[in-house]
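Visitor: Provided below are the primary sequence and the corresponding predicted coordinates.
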2 protein chains.
Amino acid sequence: MVTERLDNMQSRVDTPQQPPTTPRAALATVAWLRAVSGETLDRLTEFAVLHRMPPGSMLFEQAETPAFLLCVVSGSVELFGVRGSDETLIELVGPGDLLLPAAVLNRQPYLLRARVLDEAQLVMIQAEAFRRAVASDHALCLAVLACEAAHFRRQVKSAKNIKLRSAEERVGCYFLKIAEQVLPAASFKLTLEKRLIASQLGMTRETFSRTLAGIGQHGLQVEGDTIHIINIDAARARFQLDPLIDGPEAVQPLAVEATTT
Amino acid sequence: MVTERLDNMQSRVDTPQQPPTTPRAALATVAWLRAVSGETLDRLTEFAVLHRMPPGSMLFEQAETPAFLLCVVSGSVELFGVRGSDETLIELVGPGDLLLPAAVLNRQPYLLRARVLDEAQLVMIQAEAFRRAVASDHALCLAVLACEAAHFRRQVKSAKNIKLRSAEERVGCYFLKIAEQVLPAASFKLTLEKRLIASQLGMTRETFSRTLAGIGQHGLQVEGDTIHIINIDAARARFQLDPLIDGPEAVQPLAVEATTT
DNA sequence: CGTATTCATTGACTCAAATCAATTGATATA
DNA sequence: TATATCAATTGATTTGAGTCAATGAATACG
């Protein structure tokens, strides 16, 4: 029995036994900032604050102009596209990830609404301080580029998932992907609320709920928030995972071959 | 009567009367590379080639590992998500844009298939040379970051469009957006094939075709590839453009306030 | 405690959009 | 000129998925 929450998210450098208490210490836990100099991190966090926010906290609203760059240290944040009273989950962001750095860099309005899902620690860096640091520190710029590249690829995968697969296939692949990860466990629990999975997969709660029964016919029995892996081969036969859709997309620091010049 | 093809695309620095004949000259036409030093552009194009490709040419296939970074100088390129014999248009790329730089930077497989739409001139830069240049030149790194940020935001907008709007709304907003841009013209022509618009908007050709009749009831009469703006207010009333979905998303070079340090 | 409130499930029904199929028109191609 | 080929339209039909509504289960709360 394993949980799947972190599968969608960035891995931490290490498992911090005690949470960081300063912005500086918090950034030190972010894996993809490894190559950035201490001085730059000092500069970034000089006027930064580290906040702990309870679930449900609104971090920013769609169309707002960013005042801060937010970095998730722990917990998780949901990013919604909003239209009137409708919300659709566009991205789920976890430890080590930035919240829409593209908007902050470009001084453009946020395209999404951000709300805390699991109680989160967040580093808040002044937007202008962040821009200046990116503009003046090459290593940071490279790291942010890698981060942004990962975000882009996640979006493309999500678009392919939604445009190329039926609702049942999306749900089936979502479960099968987790099942493959937790094998040889015989079952696993969902850590995400079903309404969020449904929204992320581009369907209504009801449709999602209904497809669960259908999934049961293909080796994955759903019982509440527990999924029992009854027949993995049947699931594999019905739902074919595609690494170009279902594969993980981690932030990769840019690696170049040794310069022979 | 105005065409709309370029609306989705990057603007050129200037309108080059004669097309560039060397990779170096080609990169000089790319607006967002303005701040990059001539030496770096020289280094980038040292082993680069400038190719002219006819419509239909396949540039790379999904799952391939990038050997080159491709930069579109003129013409346009379609990027498809592929599943078996199904293709869905994920992005349409025009002059001045890079083809999936994220994959090239990360040495990861392409998530999409690239095919020439309008005869295109392309600069092909060795992948490793590109990575080295980004790793060693801060200005280039910043420029690519801005480019990648724009791509990310385009993807988010597309996801919101598809997940929050009905098929008719997507089509209506697509046309209305162009109509607003060409006003006070009374009509405009589509430069994109309808099947491509349909695919980009996440629907079948047939559905797209049918919605055209419905759109006609709201002030936008479709006749072949010409759209007549009969009643712009009716169209505005039915299809509400949202800048956070329909707004343009150009590559913006990072600007920082003057350092007062 | 009982009582809201939120989430999940289920049923009945509707409807939007896909599918299948045929036709037209336009553009190549032999 | 006849013949493929492909894009677009249109009709008939199916179906996948949304909507509306009711219920149960779990959790929060006064």
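Guide: Looks like it came in fine.
Visitor: My understanding was that A:Glu169 contacts A:Ala235; is that so?
Guide: No: assessed by C-beta atoms under 8 Å, A:Glu169 is found out of contact with A:Ala235, at 11.7 Å. (C-beta placed from N, C-alpha, C; glycine too.)
Visitor: So for those two, which residue has more residues nearby?
Guide: Set A:Glu169 next to A:Ala235 and count neighbours by other C-beta atoms under 10 Å in any protein chain shown: A:Ala235 wins out with 21 against 18.
Visitor: what's the closest non-adjacent residue to the more buried one?
Guide: Spatial nearest neighbour of A:Ala235, excluding adjacent residues (C-beta to C-beta, 6 or more residues apart in numbering or on different chains): A:Gly219 at 4.0 Å.
Visitor: do the same with A:Phe208
Guide: In space, A:Phe208 is closest to A:Ala198, 3.6 Å off (C-beta to C-beta, 6+ apart).
Visitor: what helix or strand does that neighbour sit in?
Guide: helix A:194-200 (DSSP states H and E).
Visitor: now what about the helix or strand just after that helix, what contacts it?
Guide: Going down the chain from helix A:194-200, the next helix or strand is helix A:205-216, by DSSP H and E. Contact with helix A:205-216 is made by A:167-168, A:171-172, A:175, A:194-195, A:197-198, A:201, A:203, A:222, as judged by C-beta atoms under 8 Å, 6 or more residues apart in numbering or on different chains.
Visitor: ok so, going back, what comes up buried for the helix holding A:Ala198?
Guide: Residues A:196-200 are the ones in helix A:194-200 that count as buried (16 or more other C-beta atoms under 10 Å in any protein chain shown).
Visitor: Same question for stretch A:215-223.
Guide: A:215, A:218-222.
Visitor: How about that stretch and DNA strand D, any contact?
Guide: No: applying C-beta under 7 Å from any atom of the strand, one finds stretch A:215-223 separated from DNA strand D by no less than 10.8 Å.
Visitor: related to what we said a few turns ago, which pLDDT value does the model give the residue nearest to A:Ala235?
Guide: As predicted, A:Gly219 sits at a pLDDT of 94.
Visitor: which residues touch it?
Guide: A:Gly219 neighbours (C-beta under 8 Å, 6+ apart): A:229-235, A:238.
Visitor: can we see that at 6 Å?
Guide: Residues near A:Gly219 by C-beta atoms under 6 Å, 6 or more residues apart in numbering or on different chains: A:230-231, A:234-235.
Visitor: And it, how far from DNA strand D?
Guide: Applying C-beta to the nearest atom of the strand, to the nearest Å, the value for A:Gly219 to DNA strand D is 19 Å.
Visitor: The stretch 1-150 of chain A: helices as residue ranges?
Guide: Per DSSP state H, counting those that start in this stretch, the stretch 1-150 of chain A carries helices over the ranges A:23-27, A:38-45, A:101-106, A:127-136, A:138-164.
Visitor: Select, out of those, the one closest to A:Glu119.
Guide: When these are compared by C-beta to C-beta, helix A:23-27 sits nearest A:Glu119, at 14.7 Å.
Visitor: All good on my end, thank you.
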